[in-house]
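1. I would like the atomic coordinates for the input below:
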Amino acid sequence: MDSIFDALAHPTRRRILELLKGGGMTAGALAEAFDVSKPTMSGHFAKLKAAGLIGGESRGTATVYTLNLSTMEEVLLAFMNRLRSEGSEPCPTAR
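-> Residues are numbered from 1 along each chain as shown. Model prediction:
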């Protein structure tokens, strides 16, 4: 869980997730939305992948990234349950 919150801590990575809500995008298309170097973007992609928040698939010479909605859902449910006070019922779908 810590790796997920670490990945979400950076505004660029949160913006990448926002962009991927619309569907898969190539690394190049995502990089064009930011004024940073390609190695910096690769680091952001790697951190998001390691946390399980995105997936990447090679297609020819490009990598297409997609949002991992199941991980996002698990994170949100776990976070909501942590916010509940002692003695409250947990969210019914939380694991």
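2. what about the closest residue in space to G52 that isn't next to it in sequence, how many residues nearby?
-> Excluding the flanking residues, the one nearest G52 by C-beta to C-beta, 6 or more residues apart in numbering is T71, at 4.4 Å. C-beta: built from backbone N, CA, C; applies to glycine. Per other C-beta atoms under 10 Å, the neighbour tally for T71 reads 16.
3. the helix of greatest length in the chain: which residues count as buried?
-> Identified as the longest helix of the chain according to DSSP state H is helix 69-83. By 16 or more other C-beta atoms under 10 Å, the buried positions in helix 69-83 come out as 71-72, 74-75, 77-78.
4. looking at the residues you listed, which one is closest to R14?
-> The closest of the buried residues of helix 69-83 to R14 turns out to be M72 (C-beta to C-beta; 11.7 Å).
5. for that closest one, what are its contacts?
-> Contact analysis of M72 by C-beta atoms under 8 Å, 6 or more residues apart in numbering lists 17, 53.
6. let's see 10 Å
-> Residues in contact with M72 (C-beta atoms under 10 Å, 6 or more residues apart in numbering) are 4, 8, 17, 21, 52-54.
7. ranking these by neighbours, who comes first?
-> Counting neighbours by other C-beta under 10 Å, I54 comes out on top of those with 25 neighbours.
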